[in-house]
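Undergrad: Predicted model and sequence below, questions to follow.
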Protein chains: 2
Amino acid sequence: MNLVLIEPDELDAEQRVVLRDARAVHLVRVLAVVAGVRVRVGVIDGAIGLGEVERVERDEVVLRCVLEREIPARPRVDLLLALPRPKVIGRLYGALAQLGIGRLMLTNAAKVERFYFDAHQLDPAYRRAQLIEGLAQARHTRVPEVSVHKSLRALVEDELDVVAPRTTRLLADPGAHPSPHARCAGLEGRVVIAIGPEGGWNDFERALLVSRGFEPVAMGARTLRTDTACVALLALVHDALGT
Amino acid sequence: MNLVLIEPDELDAEQRVVLRDARAVHLVRVLAVVAGVRVRVGVIDGAIGLGEVERVERDEVVLRCVLEREIPARPRVDLLLALPRPKVIGRLYGALAQLGIGRLMLTNAAKVERFYFDAHQLDPAYRRAQLIEGLAQARHTRVPEVSVHKSLRALVEDELDVVAPRTTRLLADPGAHPSPHARCAGLEGRVVIAIGPEGGWNDFERALLVSRGFEPVAMGARTLRTDTACVALLALVHDALGT
């Protein structure tokens, strides 16, 4: 935990927060804080700042926070991801939050198994906890918005222009395409990257995405597993955008 | 499994291989191959080619292989990694093999717990199986060499010049350093990247690495977990090298 993340309503009128959960345990047992020490704090979807430890009692910590004016910007990259196996998506939330995405659209595809949609890893409370853990690691406050889509076609044809208008749209695809880094170098505005299921999009899905403005990009000859591909692509796009 | 990997001594004089293990099960039950079908094969640390199915019997598959002349090049990137928690390194082998590294040097550091060195995830047979699974995913044949070092100092001062001579040496470090992509763009020769433990290298370790030619590079303000950082760095360096 590199940043103590707090919900906005945990702060009282004097910018004081009383921690009694895992955050307090971490501060007391791992970081061994004492009164007067300052730790980095962040308000979820809000500002970052410093919290001065006012009081420590057996797994209860009181912080008085001084927050910066500016709220960290929402990451400029969104992900449209064919829903991976439950174990994989469960592990991926943290990595995605670390690297920074604005929105995660989890979608059906021909090669996505139906039962993936019933997994507990899709529960809003579960995924939010994982995302916040990733943010606490990476020292960021903006929680990615997550949406689940049972129809790729409805998502791409009807919904995408509403939730992600005026974006550069990229499609990770094997083949002789430009690298996502080369494609994104110096780009302004937001980027959506579509990443297919293990086994890839089928021809219909690929044509649908291309017809709605997704341009293929490729990361070389190697076929990466979904989780590795997501991290690699986000690293390349963020580096190219300078974010 | 995107590539059926076989040990060199599994091929008989007529380039025939009899599979009876998990590879055969995968070919029969997942890919449902029949006689005459061709599948991609690769000899471990050797050439890639095609294997024509000669015969299928209940979880036994006989392939006759035609291999390309050229052996895929050893990846130009090596990793010097402070040994992560057993669970993390256990999961990381596959991702590293997918992205491509020539050598993985796992080292001690002040913030590495001693018991990590006793984990079964360091057993040569275990790690080789994981690496080969990653290669089969990524369609590559070169198994990264893995070495385990109980002393960072001995590794950096005495051994590194022997195993990795004439390399560009980079040190992933938070701060205002160039991006690994910018640093590696158009570079010739091999690259070694040093990645520290959760919590970072201490001052002595950082100074030791810098004194032996490691140049700091940084991936922006976010503090990534070891596994995320490894994948992100390798993606950036390979893209910059064009490999």
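TA: Here it is on my side, so go on.
Undergrad: Give the helix, strand or coil label for the residue lying closest to residue A:199 once chain neighbours are set aside.
TA: In space, and not counting its chain neighbours, residue A:199 is closest to residue A:111: 4.5 Å by CB to CB, 6 or more residues apart in numbering or on different chains. C-betas here are computed from N, CA, C, even on glycine. Three-state assignment for residue A:111 (DSSP: H, G, I helix; E, B strand; the rest coil): coil.
Undergrad: quick one, what contacts residue A:111?
TA: A:82, A:196, A:197, A:198, A:199, A:200, A:201, A:202 (CB atoms under 8 Å, 6 or more residues apart in numbering or on different chains).
Undergrad: so what's the closest residue to the fourth one other than its chain neighbours scoring on pLDDT?
TA: The reference is to residue A:198. Leaving aside its sequence neighbours, residue A:198 sits nearest to residue A:226 (CB to CB, 6+ apart; 6.0 Å). Note for residue A:226: predicted pLDDT of 94.
Undergrad: again with residue A:59
TA: Note on residue A:59: pLDDT of 82.
Undergrad: So what touches stretch A:213-223?
TA: A:168-180, A:183, A:192, A:194, A:210, A:229, A:232-233, A:236, B:2, B:98-100, B:137-140, B:235, B:238-239, B:243.
Undergrad: ok, the most centrally placed residue in chain A to residue B:112 distance?
TA: Centroid-nearest residue in chain A, with CA atoms, centre = their mean: residue A:97, separated by 3.2 Å. According to CB to CB, to the nearest Å, residue A:97 stands 25 Å off from residue B:112.
Undergrad: Please report how far the residue nearest to residue A:198 lies from chain B.
TA: 11 Å (CB to the nearest CB, to the nearest Å).
Undergrad: residues contacting residue A:145?
TA: Counting by CB under 8 Å, 6+ apart, residue A:145 has contacts A:102, A:103, A:104.
Undergrad: For those, could you give me a markdown table that also reports secondary structure?
TA: Listed next are those as a markdown table, based on three-state DSSP:
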| residue | secondary structure |
| --- | --- |
| A:102 | coil |
| A:103 | strand |
| A:104 | strand |
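Undergrad: Tell me the one of those residues nearest chain B?
TA: residue A:102 (14.5 Å; CB to the nearest CB).
Undergrad: Output the lowest mean pLDDT helix or strand found in chain A.
TA: Using mean pLDDT, DSSP states H and E, the weakest-scoring helix or strand in chain A turns out to be helix A:160-163, at a mean of 92.
Undergrad: Contacts for that one, please.
TA: A:80, A:103, A:105, A:147, A:192, A:212.
Undergrad: Buried residues, that helix. List them.
TA: Under the neighbour-count criterion of 16 or more other CB atoms under 10 Å in any protein chain shown, helix A:160-163 has residue A:160 buried.
Undergrad: And stretch A:34-54, by the same measure?
TA: Going by neighbour count (16+ other CB under 10 Å), the buried part of stretch A:34-54 is A:39, A:41, A:42, A:43, A:44, A:46, A:47, A:48, A:49, A:51, A:52, A:53.
Undergrad: dump the residue contacts of the fifth one.
TA: Meaning residue A:44. A:5, A:6, A:7, A:8, A:132, A:135, A:141, A:143.
Undergrad: Report pLDDT for it.
TA: Model confidence at residue A:44, given as pLDDT, is 97.
Undergrad: residues contacting residue A:233?
TA: Residue A:233 neighbours (CB under 8 Å, 6+ apart): A:172, A:180, A:193, A:195, A:219, B:235.
Undergrad: could those residues be laid out in CSV, adding distance to residue A:87, secondary structure and neighbour count?
TA: Listed next are those as CSV, based on distance: CB to CB, whole Å; DSSP: H, G, I helix; E, B strand; the rest coil; neighbours: other CB atoms under 10 Å in any protein chain shown:
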residue, distance to residue A:87, secondary structure, neighbour count
A:172, 21, strand, 24
A:180, 26, helix, 26
A:193, 22, strand, 26
A:195, 17, strand, 20
A:219, 23, coil, 23
B:235, 22, helix, 28
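Undergrad: I'd like the residues you listed as CSV, with pLDDT and distance to residue B:61 appended.
TA: What follows is the contacts of residue A:233, written out as CSV (pLDDT from 0 to 100; distance: CB to CB, whole Å):
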residue, pLDDT, distance to residue B:61
A:172, 95, 32
A:180, 96, 37
A:193, 97, 37
A:195, 97, 32
A:219, 89, 31
B:235, 97, 34
